[in-house]
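Chemist: Sequence isn't available, so here's the structure alone:
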Ligand SMILES: NC(=O)c1ccc[n+]([C@@H]2O[C@H](COP(=O)([O-])OP(=O)(O)OC[C@H]3O[C@@H](n4cnc5c(N)ncnc54)[C@H](OP(=O)(O)O)[C@@H]3O)[C@@H](O)[C@H]2O)c1
């Protein structure tokens, strides 16, 4: 019971990959070395065969014995092998390099998001006035790692979450960034779209309200008792300081993403309701509907 706990060596996937590739590389070099030895012995054998035992004596081309051509051809094959080992088969291979590059890019993006969050938090508090609406609600679906989107698309398809979104936002103003608006195939029915852009002449179908700031978006929704901020990442970050409620769907899985939801500051928000939805044949992941209100 009080004995020393046995240390289990911890090797992560990357280290394992490195070890496997190093082993592969050692094998390649061993094979090349064996080829070199066989080439030397083989060449000596060909010389002996011709000069010592007289095999193929008199078989010449341009007054050069046949074994010289045989050795040259073999030398060419050996050099090709050397070229393959040291030039063509780079140490970790192209796919490994690409994989590492993708990981690095994803890490950098995550760091940029954290820096952006910090920048917004540190921004002078004059930023946005408190909205007149008492029920400005953020609605979002996030992974365990706060992932919300990749390549301007959602990452998962959870039909009950879409129904939840539809039933909550039905008949209301939905405020969104230009990129989120462009991620829809068409405007969502029975909702007033308020799209935020810095562009002066952004063209949209009739009925869509265009504004140039979050403040103007809130102003354009003042007739609504519960407008919704529906994303994406940039707009959520700005709206966190002024929203009164968050309707959050937590998808219980980590996802690769390029857009993230800001960290929730639990000293400011309290959880008032949670409903767990287990995965099933229509839902690939477990998820929970969580409601937060501002403290
Ligand atoms: N999981 C979810 O619940 C959820 C919900 C919504 C979106 N998403 C995902 O989020 C991603 C999109 O988010 P995003 O952060 O890339 O873009 P976004 O927030 O949707 O839109 C960003 C754009 O909004 C405009 N904008 C932002 N702040 C502004 C300001 N203060 N004043 C004026 N205009 C402003 C700019 O448009 P201009 O460049 O035109 O000036 C900016 O490029 C997508 O992957 C989408 O699928 C996920």
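Modeler: Perfect, I can see it now. Predicted model only: the values in this text are computed from it and were never measured.
Chemist: Could you list the residues of the stretch 51-200 of the chain in contact with the ligand?
Modeler: Contact residues, the stretch 51-200 of the chain versus the ligand (C-beta under 6 Å from any ligand atom): 140-141, 148-149, 152-154, 176-180, 183, 196-199. Every residue, glycine included, has its C-beta placed from N, CA and C.
Chemist: and with 5 Å instead?
Modeler: 140-141, 148-149, 152, 154, 177-180, 183, 196-199 (C-beta under 5 Å from any ligand atom).
Chemist: hmm, which two among the residues you listed are most spread apart?
Modeler: 141 and 199 (27.1 Å; C-beta to C-beta).
Chemist: Who has more neighbours out of these two?
Modeler: residue 141 (24 against 9; other C-beta atoms under 10 Å).
Chemist: who are the neighbours in contact with that one?
Modeler: Residues near residue 141 by C-beta atoms under 8 Å, 6 or more residues apart in numbering: 148, 154, 156, 158, 161, 165, 248-249, 251, 287.
Chemist: Angles on the backbone of it, please.
Modeler: Per-residue torsions, residue 141: phi -120, psi 130 (degrees, to the nearest 10).
Chemist: measure it to residue 113 for me?
Modeler: The gap separating residue 141 from residue 113 is 17 Å, by C-beta to C-beta, to the nearest Å.
Chemist: cool, and residue 241?
Modeler: 17 Å.
Chemist: Equivalent analysis for residue 78, please.
Modeler: Residue 78 is 52 Å from residue 113, by C-beta to C-beta.
Chemist: Please apply the same query to residue 247.
Modeler: Distance, residue 247 to residue 113, using C-beta to C-beta: 22 Å.
Chemist: now swap in residue 33 and tell me
Modeler: 49 Å.
Chemist: ok, those two, which is more surrounded?
Modeler: residue 113 (20 against 10).
Chemist: now for whichever strand or helix holds that one, which elements pack on it?
Modeler: Element membership for residue 113, per DSSP states H and E: helix 94-122. Secondary-structure packing of helix 94-122 (3 or more C-beta pairs under 8 Å, 6 or more residues apart in numbering; DSSP states H and E): helix 233-239, strand 259-260.
Chemist: buried stuff in that helix?
Modeler: Neighbour counts over helix 94-122 (16 or more other C-beta atoms under 10 Å) mark 96, 110, 113, 117 as buried.
Chemist: which of those residues lies closest to residue 15?
Modeler: Proximity of the buried residues of helix 94-122 to residue 15 (C-beta to C-beta) peaks at residue 96, which lies at 13.0 Å.
Chemist: How about the contacts made by the residue nearest the centre of the chain?
Modeler: By C-alpha atoms, centre = their mean, the chain has its centre lying nearest to residue 256, at 3.6 Å. Contact analysis of residue 256 by C-beta under 8 Å, 6+ apart lists 106, 147, 150, 155.
Chemist: For the second one, which non-adjacent residue is spatially closest?
Modeler: Spelled out, it's residue 147. residue 257 (3.3 Å; C-beta to C-beta, 6 or more residues apart in numbering).
Chemist: same thing with the first one?
Modeler: Setting aside the residues directly before and after it, residue 106 is nearest to residue 256 in space (C-beta to C-beta, 6+ apart), at 6.3 Å.
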